[in-house]
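**Q** Predicted model and sequence follow; I will ask about them next.
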Amino acid sequence: TGTGKTHTMEGKDEPENERGLIPNTFETVFGDIDALESANKNFLVRASFLEIYNEEVRDLLGKDQTRRCDLKEDPDKGVYVKDL
């Protein structure tokens, strides 16, 4: 629809100040982990980036980005995306 959603999420590689949310998030998370490398800690990182468009949910980091994800509801967990 031309409102800049993809640019906001992905951005451009150069210049650095035009990178989007996804690359900046990964840089921050892994930069923080690298900074603690000497602390003898282990880290497990799991991430999901979802797109909700026309009432369809897709995993933007999944191998098959055309695959629709299912929304589920659980009385204890609330609303969640199946398999994420």
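**A** In hand now; what should we look at? Source: prediction; values computed, not measured.

**Q** Just give me the residue right at the centre of this structure.
**A** Ranked by distance to the mean C-alpha position of the chain (C-alpha atoms, centre = their mean), the top residue is Phe49 at 2.7 Å.

**Q** measure the nearest residue to it once chain neighbours are set aside to Val79 for me?
**A** Taking C-beta to C-beta, 6 or more residues apart in numbering as the measure, Phe49 lies nearest to Leu60, with 4.2 Å between them; neighbours along the chain are not counted. Any C-beta I mention is one placed from the backbone N, CA and C, and that applies to glycine too. Leu60 sits 19 Å away from Val79, taking C-beta to C-beta, to the nearest Å as the criterion.

**Q** correct me, but Leu60 touches Met9?
**A** Yes - taking C-beta atoms under 8 Å as the definition, Leu60 is a contact partner of Met9 at 7.0 Å.

**Q** Give me the common contacts of the two.
**A** Ile22, Phe49 (C-beta atoms under 8 Å, 6 or more residues apart in numbering).

**Q** biggest helix in this structure by residues?
**A** helix 21-35 (DSSP state H).

**Q** I'd guess Tyr80 is in a helix, am I close?
**A** No - secondary structure assignment (DSSP: H, G, I helix; E, B strand; the rest coil) places Tyr80 in strand, not in a helix.

**Q** any low-confidence regions in this structure?
**A** Of all residues in the chain, those with pLDDT under 70 make up the ranges 1.

**Q** can you map out the strands along it?
**A** 50-53, 56-59, 68-69, 71-74, 78-81 (DSSP state E).

**Q** out of these, which comes closest to Ile22?
**A** Judged by C-beta to C-beta, the one of those that comes nearest to Ile22 is strand 50-53, at 11.3 Å.

**Q** neighbouring strands for the closest one, and are they parallel or not?
**A** In the sheet containing strand 50-53, the strands it pairs with under DSSP bridges are strand 56-59 (antiparallel).

**Q** Give me the buried positions along the strand it pairs with.
**A** Of the residues in strand 56-59, those with enough neighbours to count as buried (16 or more other C-beta atoms under 10 Å) are Arg58, Asp59.
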